[in-house]
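Student: coordinates only, sequence not included:
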């Protein structure tokens, strides 16, 4: 039988083409599923991304919605940082302690309210009762008398509350020792003309209490003050029985404030308020124990700056690093352990899904403080975790990296980079004017030439002009070079070091 060489060659050619097509499809599919569509510069948590805390009262310290709990590594709550706000307090959480322990701290909190003293005309004061009853107790008198004189009660608000099914408690509770008394002199000294609407609560649902108060927060002249024992949620550790007994008592005491804390969280969420620590101090519970007393504020964000471009990317990237820096370091440390023999493969089952957002990184490796090597690129073309592993593998396979025998002597720095933003400029002077000294990293492209400098390069230059000259050299151009096709992009970086606390 005679072979038909032309047919065999044709079959081989067809098989080769099919194989190449299949290979490209597999490679493309593998590339697509290796990273998420979102980049780390677009990182922004939504309500659906959050695991609600088991204890709603604990959320008082970490609301709003972009608070994040990493359930995989139990990193705990990480406070969301709201950008560039002018704060207008709407809810204040004051310590549930006497003057001896928390008077100075309470005064400091009220001092921060003095700029708003002419705005607030009504103070809603909420605190736990030391007597047990169902619902809330409201005063029947028009005034409450303190050592500083009389303080007027807003009878219109109280009369409205009297119609609520919650108003079951007897007003006589106000004649006894209660958690609101300690706040009254501070209110009188800070708000000369304000009236108060006090609520003592005992057994009441926080949702129902928030519903009762909520309509009044629509008015700018209303401030809500919640009296709560925040110390019970931040207890010192102790091994001896005596301190343990003190801690248990403190926990029971904190429990009476729980309704107020949960009510404040519900109201803050409804009105989009953001938390702020006013102050904190340690006070002596007795001769053997210290407790931490805190004052908190929920503020309305006024005149919030609208971020865009590199500012928005930078803000998102800082939040990404804040939430995931421990896992980023874990990827880096595992990559160091695997290199130089093999590149560490980052698998989805081992890390949070957000580490598979596209991201660019630049890695520096040091041995006993001396730079071994650095590597990275600007384009975010792969999952940020995979990019870190790739860069470390590259450094460890350089001549300097291959000389390393003791990996325990190594330390590293990760710089995560935002998406580059093109700078539109009409002249060289216009470009210099737009560059933000000490903050911007720059990418230059001209023809086939390209180079970039990280923001930390500013430490080695004296001015913007020198930075641009160094950038041109990085791209393989003369320092005096200038052409119409030059394009400049800015980016920012956020650093993660392996000695982060």
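Tutor: Noted; the coordinates are in hand. Since the model is a prediction, treat every value here as computed from it, not as a measurement. Numbers count the residues shown, from 1 in each chain.
Student: which element follows the lowest-mean-pLDDT helix or strand in the chain toward the C-terminus?
Tutor: Within the chain, confidence by mean pLDDT, DSSP states H and E is lowest for strand 76-78 among all helices and strands, at a mean of 31. From strand 76-78 onward toward the C-terminus, using DSSP states H and E, the following helix or strand is strand 86-95.
Student: Show me what that next one is packed against.
Tutor: If you count contacts as 3 or more Cβ pairs under 8 Å, 6 or more residues apart in numbering; DSSP states H and E, strand 86-95 packs onto helix 99-111, strand 222-228, helix 258-271, strand 289-302. Yep, even glycine has a C-beta here, placed from its N, CA and C like the rest.
Student: report the angle between the axes of it and helix 258-271?
Tutor: Here strand 86-95 runs at an angle of 170 degrees relative to helix 258-271 (axes from the mean of the first three to the mean of the last three Cα atoms, to 10 degrees).
Student: Extract the residue ranges of the stretch 101-250 of the chain that are flagged as low pLDDT.
Tutor: Across the stretch 101-250 of the chain, the ranges flagged by pLDDT under 70 are 101-106, 169-178, 229-250.
Student: which residues of it fall in helices?
Tutor: Ranges of helices in the stretch 101-250 of the chain, per DSSP state H, counting those that start in this stretch, are 155-162, 184-190, 206-213, 241-255.
Student: What separation do you get for the closest residue to residue 474 other than its chain neighbours and residue 278?
Tutor: Using Cβ to Cβ, 6 or more residues apart in numbering and skipping the chain neighbours, the partner closest in space to residue 474 is residue 451 (3.4 Å). To residue 278, residue 451 is 48 Å away according to Cβ to Cβ, to the nearest Å.
Student: what does residue 357 give?
Tutor: 35 Å.
Student: contacting residues for residue 492?
Tutor: 310, 313, 314, 317, 417, 418, 439, 440, 441, 455 (Cβ atoms under 8 Å, 6 or more residues apart in numbering).
Student: next one: residue 338
Tutor: Counting by Cβ under 8 Å, 6+ apart, residue 338 has contacts 344, 393.
Student: again, but for residue 341
Tutor: By Cβ under 8 Å, 6+ apart, the contact set of residue 341 is empty.
Student: First-to-last residue distance for stretch 473-489?
Tutor: End-to-end distance of stretch 473-489: 16 Å, with Cα to Cα, to the nearest Å as the criterion.
Student: how far does it sit from the chain's center?
Tutor: For stretch 473-489, the separation from the chain centroid amounts to 38 Å (computed by Cα atoms, centre = their mean, to the nearest Å).
Student: Contacts made by it with the rest, please.
Tutor: For stretch 473-489, the surrounding residues in contact (Cβ under 8 Å, 6+ apart) are 378, 420-423, 425, 428, 431, 442-447, 449-453, 469, 472.
Student: switch to 6 Å and redo it
Tutor: Residues outside stretch 473-489 that contact it (Cβ atoms under 6 Å, 6 or more residues apart in numbering): 420, 422-423, 442-446, 449-451, 453, 469, 472.
Student: From the residues you listed, list the buried ones, please.
Tutor: 420, 423, 442, 443, 444, 445, 446, 449, 451, 453, 469, 472 (16 or more other Cβ atoms under 10 Å).
Student: Which pair of those residues spans the longest distance?
Tutor: Distance extremes for those: the farthest pair is 420 and 469 at 20.1 Å, using Cβ to Cβ.
Student: quick one on the thing from earlier: could you let me know which of the buried ones among the contacts of stretch 473-489 ends up closest to residue 498?
Tutor: Comparing the buried ones among the contacts of stretch 473-489 against residue 498 with Cβ to Cβ places residue 453 closest, at 23.7 Å.
Student: I'd say residue 41 and residue 314 touch.
Tutor: No. Counting by Cβ atoms under 6 Å, residue 41 stays clear of residue 314, with 8.2 Å between them.
Student: With neighbour numbers in mind, choose between these two.
Tutor: With other Cβ atoms under 10 Å as the criterion, residue 41 and residue 314 differ in neighbour count, and residue 41 comes out ahead with 26 against 21.
Student: where does the more buried one land in three-state SS?
Tutor: Secondary structure, DSSP: H, G, I helix; E, B strand; the rest coil: residue 41 is helix.
Student: can you list the domains in this protein?
Tutor: 5-34, 94-302, 309-419, 421-493 (automatic domain parsing).
Student: need those domains in JSON lines with distance to residue 88, can you?
Tutor: Output for those, formatted as JSON lines (distance: least, Cβ to Cβ, whole Å):
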{"stretch": "domain 5-34", "distance to residue 88": "46"}
{"stretch": "domain 94-302", "distance to residue 88": "5"}
{"stretch": "domain 309-419", "distance to residue 88": "21"}
{"stretch": "domain 421-493", "distance to residue 88": "29"}
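Student: Thanks a lot, see you next time.
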